[in-house]
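K.L.:
return atomic coordinates for the entry below.
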Amino acid sequence: MVEPCSDLERFIRGEWDPAEFPHREHVRMGFEILRRYDFAAAAFHYSQGLRSMLGRAAQPQAFHQTITIAFLSLIAERMDENAYADFEAFTRANVDLTDKSALCRWYRPERLASGTARRTFLLPDGWPNPSPSSDFPVG
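P.N.:
Modelled structure (predicted):
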């Protein structure tokens, strides 16, 4: 088991300021949490960390369950396919995940923009789109 980094502990406790938590940090915390926990536990802790962070910032409505679980799933899948020494090696091999619009390959923008997608995880709608769109809903 990998020892948690202090950033990961702060994330799990929801102590990050959302304004100082760009997409790359979301991916990095996903990578770190998946190194420490199995997927189910990682999904729980990751979701709780984000919810706590957003709650402390009075932005609980910004939490998006589908985007959270879908990105975490992609990170887990890529980690399972290859062993990465660290996050930098992971991002060099998976540059597409550092782009917020990566999920647009599997989800229609209107599906991700729905209230249901915010509240619960929705499976991809099977929309094969080889090039991500800039219509990806953020926040």
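K.L.:
for the chain, just list every one of the strands.
P.N.:
When assigned using DSSP state E, the chain turns out to have no strands.
K.L.:
in it, which spans are helices?
P.N.:
Counting by DSSP state H, the chain has helices at residues 6-12, 23-36, 39-56, 65-81, 87-93, 109-112, 115-119.
K.L.:
can you say which of those helices is nearest to residue 125?
P.N.:
helix 109-112 (5.1 Å; Cβ to Cβ). To be clear about C-beta, it is placed using only N, CA and C from the backbone, and glycine gets the same treatment.
K.L.:
how about the helices of the chain in TSV, adding mean neighbour count?
P.N.:
Output for the helices of the chain, formatted as TSV (neighbours: other Cβ atoms under 10 Å):
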stretch	mean neighbour count
helix 6-12	17
helix 23-36	20
helix 39-56	17
helix 65-81	18
helix 87-93	14
helix 109-112	17
helix 115-119	13
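K.L.:
for residue 103, which of those helices is the nearest?
P.N.:
By Cβ to Cβ (comparing all of these), the closest turns out to be helix 65-81, at 5.4 Å.
K.L.:
chain center to stretch 113-129: distance?
P.N.:
Offset of stretch 113-129 from its chain centre (Cα atoms, centre = their mean, to the nearest Å): 14 Å.
K.L.:
where in this structure is pLDDT low?
P.N.:
When residues are selected by pLDDT under 70, those of the chain lie in 1-5, 127-139.
K.L.:
who's in contact with stretch 59-72?
P.N.:
Contact with stretch 59-72 is made by 18, 26-27, 30, 34, 39, 42-43, 46-47, 50-51, 54, 97, 102-103, 106-107, 112, 117-122, 124, 137, 139, as judged by Cβ atoms under 8 Å, 6 or more residues apart in numbering.
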